[in-house]
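A.B. asks: This is the structure alone, sequence omitted:
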């Protein structure tokens, strides 16, 4: 499933990639794949940026700083409440926030 | 019951079986606030008589996360290291940083894992990755991090393959089943606001120059009560369940389309519009599909694929639409009442 096109903040610099493939391992949406042997070496490359949900797993686990993404809470009520309070979006939406199971995303 | 040997690391034996109480807890955790604070004690657990060479799996101290893991591990003898995530599931806790590098490092040291096992590897749920910088944990503890499958039920296959996950095991999905599990929660949250809506519709339908008249409130109000239920059904059940089949990407649009469809069926199919004043009818069309759209916009918080940037963009674009719908609906209601009171 894809959300809005051309919106995510994911930025990847292949020149910093050493081919460790951690990003391929941690991404829950298959946004990265290994290029396979090539003149530039076996590096990660993007498959489809629109699949990215900005969870931040790739950035946290790229020790070479090749990946940047602005991650955060992707929940409308959290963002609206955050905007009204003038704070960052938080999951603490009226007592229903986030002790979820694995059926869905955060607020469940 | 924690086993304590003087000077030795402490751990708690646990089984992979679910008791009736565990099963009942899993059901209750899906429907209400019971899930808040549904927790297990953080620390080290032993499943099926593990030894110094048994694998170590990390989990959150939300009890449903822990229960799901130990049930999936079934016949494996292993260690489970439970992090203190404040009773929040792995993915959410990773997003907040409580299923995180610092907590994992501390928990490894507190539980003296290096004395419990001879190897130096821990399997983390893949969805813990947003919170855990594997290379930092490795540097600080000497324990190598392996990211296991997204779904605990793939763990036996993952172990059988020599701790290797297939690309399919690495993907988060959002199946019909997942969406159906979420539906009661969504419906419940929307229905909490329904009594307030009913009261408002009742007063609105009955209010006249000489106060609220009960008979008019009832005859004018009941079609609105049904339309309100219809918009909740559309925005909090039908649209989430039919999510991938509605051919637009914006959630607001998905919700509006289904809200409008249900509205049309009720107003014109079930003839609730019969005898309705044109101004009231216009207000119904302005309000109810927009209400479904708003409920669906909030469903972004429950999905597994919407990005914060996308949600922010959608709010920016849809906010004027919501404000305009509400303002026009309010204007139509005022005109309807003025006409009813023969002031127009």
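C.D. replies: Nice, I can see it. Because the structure is predicted, anything quoted here is derived from the model rather than measured.
A.B. asks: Any stretches of the stretch 1-150 of chain B with poor pLDDT?
C.D. replies: Low-confidence segments of the stretch 1-150 of chain B, defined by pLDDT under 70, are located at B:1-6, B:32.
A.B. asks: next one: chain A
C.D. replies: Counting by pLDDT under 70, chain A shows low-confidence ranges at A:90-108.
A.B. asks: Hmm, residue B:73 is touching residue B:55, no?
C.D. replies: No - the pair residue B:73 / residue B:55 is not scored as a contact, 9.3 Å apart, by CB atoms under 8 Å. For every residue, glycine as well, the C-beta is placed using N, CA and C.
A.B. asks: Helices of chain A, start to end?
C.D. replies: Applying DSSP state H to chain A gives helices spanning A:22-26, A:57-61, A:76-85.
A.B. asks: hang on, I meant chain B
C.D. replies: Read by DSSP H, chain B holds these helices, from start to end of the chain: B:20-31, B:63-73, B:90-96, B:101-110, B:113-116, B:134-141, B:155-160, B:176-191, B:194-206, B:214-233, B:239-241, B:251-264, B:278-298, B:308-340.
A.B. asks: Ok, which of these comes nearest residue A:32?
C.D. replies: Of all the helices of chain B, helix B:134-141 sits nearest to residue A:32, with 15.4 Å by CB to CB.
A.B. asks: what about the residue of chain A most remote from its centre, distance to residue A:17?
C.D. replies: Of all residues in chain A, residue A:39 has its C-alpha farthest from the mean position, at 28.4 Å, by CA atoms, centre = their mean. The spacing between residue A:39 and residue A:17, counted by CB to CB, to the nearest Å, is 14 Å.
A.B. asks: Any figure for the gap between the residue of the stretch 1-150 of chain B found nearest chain A and residue B:150?
C.D. replies: Ranking the residues of the stretch 1-150 of chain B by distance to chain A (CB to the nearest CB) places residue B:129 first, at 3.7 Å. In this structure, residue B:129 and residue B:150 are separated by 10 Å, where distance is defined by CB to CB.
A.B. asks: Tell me which of those two has more neighbours.
C.D. replies: For residue B:129 and residue B:150, the more surrounded residue by other CB atoms under 10 Å in any protein chain shown is residue B:129, and the numbers stand at 28 against 21.
A.B. asks: Tell me how many other residues surround the residue of chain A found nearest chain B.
C.D. replies: Sorted by distance to chain B under CB to the nearest CB, the residues of chain A start with residue A:75, at 2.9 Å. Close neighbours of residue A:75, defined as other CB under 10 Å, add up to 29.
A.B. asks: what are the phi and psi angles of it?
C.D. replies: The phi and psi values for residue A:75, taken as degrees, to the nearest 10, are phi -120, psi 130.
A.B. asks: how close does it sit to residue A:89?
C.D. replies: According to CB to CB, residue A:75 and residue A:89 sit 7 Å apart.
A.B. asks: What does the pLDDT read for the residue lying closest to residue A:4 once chain neighbours are set aside?
C.D. replies: Nearest-residue entry for residue A:4: residue B:310, 4.3 Å, with adjacent residues in sequence omitted and distances by CB to CB, 6 or more residues apart in numbering or on different chains. Residue-level confidence at residue B:310 comes out at 94, pLDDT.
A.B. asks: residue contacts, residue B:310?
C.D. replies: When the contact criterion is CB atoms under 8 Å, 6 or more residues apart in numbering or on different chains, the partners of residue B:310 are A:3, A:4, A:7, A:8, A:74.
A.B. asks: do the same with residue A:83
C.D. replies: With contacts taken as CB under 8 Å, 6+ apart, residue A:83 has the following neighbours: residue A:89.
A.B. asks: switch to 10 Å and redo it
C.D. replies: Taking CB atoms under 10 Å, 6 or more residues apart in numbering or on different chains as the criterion, residue A:83 is in contact with A:89, B:312, B:315, B:319.
A.B. asks: likewise residue B:317?
C.D. replies: By CB under 10 Å, 6+ apart, residue B:317 lies in contact with A:4, B:250, B:252, B:253.
A.B. asks: and what of residue B:234?
C.D. replies: Listed by CB under 10 Å, 6+ apart, the contact partners of residue B:234 are B:242, B:254-263, B:265-266, B:288-289, B:291-293, B:295-296.
A.B. asks: quick revisit: now tabulate the helices of chain A in a markdown table and tack on distance to residue B:216.
C.D. replies: Output for those, formatted as a markdown table (distance: least, CB to CB, whole Å):
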| stretch | distance to residue B:216 |
| --- | --- |
| helix A:22-26 | 61 |
| helix A:57-61 | 58 |
| helix A:76-85 | 36 |
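A.B. asks: Kindly state the pLDDT recorded for residue B:211?
C.D. replies: With respect to pLDDT, residue B:211 scores 85.
A.B. asks: do the one 4 residues further on as well
C.D. replies: At residue B:215, the predicted lDDT confidence score is 86.
A.B. asks: got it, and the one 4 residues further on?
C.D. replies: For residue B:219, the pLDDT comes out at 87.
A.B. asks: what sits against it?
C.D. replies: Contacts were defined as CB under 10 Å, 6+ apart; by that measure residue B:219 touches B:205, B:206, B:213, B:275.
A.B. asks: my guess is the second one contacts residue B:222, does it?
C.D. replies: No - between residue B:206 and residue B:222 there is no contact, the gap being 11.5 Å when judged by CB atoms under 10 Å.
A.B. asks: Neighbour count for those two, which is higher?
C.D. replies: Taking other CB under 10 Å, residue B:206 and residue B:222 do not tie; residue B:206 has more neighbours (18 against 15).
A.B. asks: show me what contacts that one?
C.D. replies: When the contact criterion is CB under 10 Å, 6+ apart, the partners of residue B:206 are B:212, B:213, B:214, B:215, B:216, B:217, B:218, B:219, B:220, B:221.
A.B. asks: ok, the fourth one - how many residues close by?
C.D. replies: This means residue B:215. Number of residues near residue B:215 (other CB under 10 Å) recorded here: 8.
A.B. asks: and the closest residue in space to it that isn't next to it in sequence, how far is that from chain A?
C.D. replies: Leaving aside its sequence neighbours, residue B:215 sits nearest to residue B:206 (CB to CB, 6+ apart; 7.9 Å). Residue B:206 is 30 Å from chain A, where distance means CB to the nearest CB, to the nearest Å.
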